[in-house]
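[1] with the sequence up front, the predicted model follows.
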Amino acid sequence: MSTARRDALLAWYDANRRPLPWRQTRDPYAVLVSEVMAQQTQIVRVVPHYERFLALFPTPESLARAPLAEVLAAWSGLGYNRRARFLHDAAAHVVQHGWPTTSEELQALPGVGAYTAAAVASIAFGEAVPAVDTNAKRVLSRWEATPLEGTRLAEAAAAALDGDRPADWNQAMMDLGARVCMPKPDCDSCPVTDWCADASVYSAPARQARFSGSTRQARGAVVRALVHGNSASHAALAKQTGLATTRLREALEALESDGLVERSGRRWQLPAAAGRISGGTTPGSS
DNA sequence: GTCCGGCTCC
DNA sequence: GGAGCGGGAC
C-alpha cells in the first residue's frame, strides 16, 4: 500500500475521529480497560462505564486490591462478567510483574487475545502491529475483494499498516468500519474508495444461540441480584431472579467455576478476594 | 430478530 | 473449528 493512500485515511481520521475518552491517554492501564470493555460491546455503551470505572479504580494497584465484588458492581450493565474478573486478575499480574510491553507478551494477560494485545501495544507502547477487530476485518476484506480470515487476514492487515502511526492507523481502520464502511457501506463519504476493490463484500457473523431461557441469561440475573443484595440464600436468589431451582443451580455452578460467585455457609455472594495472579491456582484455592 | 472495537476452553 | 459467554440499541 502506498504512502499516499495511507495518508488519505489518516487525514480522514485526523478530521473525523470519534472523540472517545481513552483517546486522550497512552496510559496502558486506561487503554487496557477500554479495550476489554469494548470486546463484543457497542462503544456508546462502553463510554460511561469506562469513565466510572477509572474514577473508582484509577490504577492497576487500586483495581488489583479491590474485592472482586466491587469490580463486578462497577461492571454491572456491560455484560460478559468474566471480563471483569479477567481485568481484575490482569491488574494483579501487572502489579506483581510490571507491564508486558509487546503485543506477544501482552497476550499472557487473562482476557487479552490477539486483538486486545495489538491494540494496547500499538496505542500505549507504539508497536507497529495491526489490531484487527470486526470493523478492520470488513474493511480489509473489501480492499481485497474477498472475505479474509486467518493467515490471509493477518497478512493483509500487516501489509496495510502504517508503521509510523500504528495507533492512529488501527483506530482509523476501526472508525472507518464503524462510521463509513459499515455492513451497508456509505461509499459517498469514504475517503479511500479509490483502492476499495469490492464494497459489497460482507460476511454476516454466525447466528447466536437463543438468549431467552439460556444459562447466560440466568447467570446475568444471578450476578445482578448479588450486586444489589450482597449475599443471599438459594431460596432468596430464586425469588429475586424468578429462576426455577434447576436453572438457578446450573447458573450458580457455572458462575462458581468461573470464579464469579462463592459460597459462604449456606449463602451465596460475589467474591471478596482481591485480584489473583492468573495461572497455577484455581479461583477457589488459596 | 440482529449485532457489537473477542476471548477462553473444548 | 465451535460453543459459551450479557446486555442494550436498533
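    Structure received.

[2] just the pLDDT for the residue of chain A found nearest DNA strand B.
    Closest to DNA strand B within chain A is A:Gly113: 2.5 Å, counting by CB to the nearest atom of the strand. Backbone N, C-alpha and C define where each C-beta goes, glycine included. At A:Gly113, the predicted lDDT confidence score is 98.

[3] state the distance from it to A:Leu153.
    Separation of A:Gly113 from A:Leu153 (CB to CB, to the nearest Å): 14 Å.

[4] ok, these two, which is more surrounded?
    The neighbour comparison of A:Gly113 against A:Leu153 (other CB atoms under 10 Å) goes to A:Leu153, with 18 against 11.

[5] helix or strand for the more buried one, just tell me which one.
    helix A:150-160 (DSSP states H and E).

[6] tell me which other helices or strands that helix touches.
    helix A:134-143 (3 or more CB pairs under 8 Å, 6 or more residues apart in numbering; DSSP states H and E).

[7] get me the contact residues on the stretch 151-286 of chain A for DNA strand C.
    A:206, A:208-209, A:211, A:214-217, A:219-221, A:223-224, A:254 (CB under 7 Å from any atom of the strand).

[8] change it to 10 Å
    A:151, A:205-211, A:214-225, A:227, A:250-251, A:253-255, A:257-258, A:260 (CB under 10 Å from any atom of the strand).

[9] once you drop chain neighbours, what's closest to the residue of chain A closest to DNA strand B?
    Using CB to CB, 6 or more residues apart in numbering and skipping residues adjacent in sequence, the residue nearest A:Gly113 is A:Gln107, 6.4 Å away.

[10] do A:Glu250 as well
    Nearest residue to A:Glu250, sequence neighbours excluded (CB to CB, 6+ apart): A:Thr215, at 6.0 Å.

[11] the one you found contacts A:Ala254, doesn't it?
    Yes - using CB atoms under 8 Å, A:Thr215 makes contact with A:Ala254 at a distance of 6.1 Å.

[12] can you map out the strands along chain A?
    With strands called from DSSP state E, chain A shows them at A:231-233, A:262-264, A:267-269.
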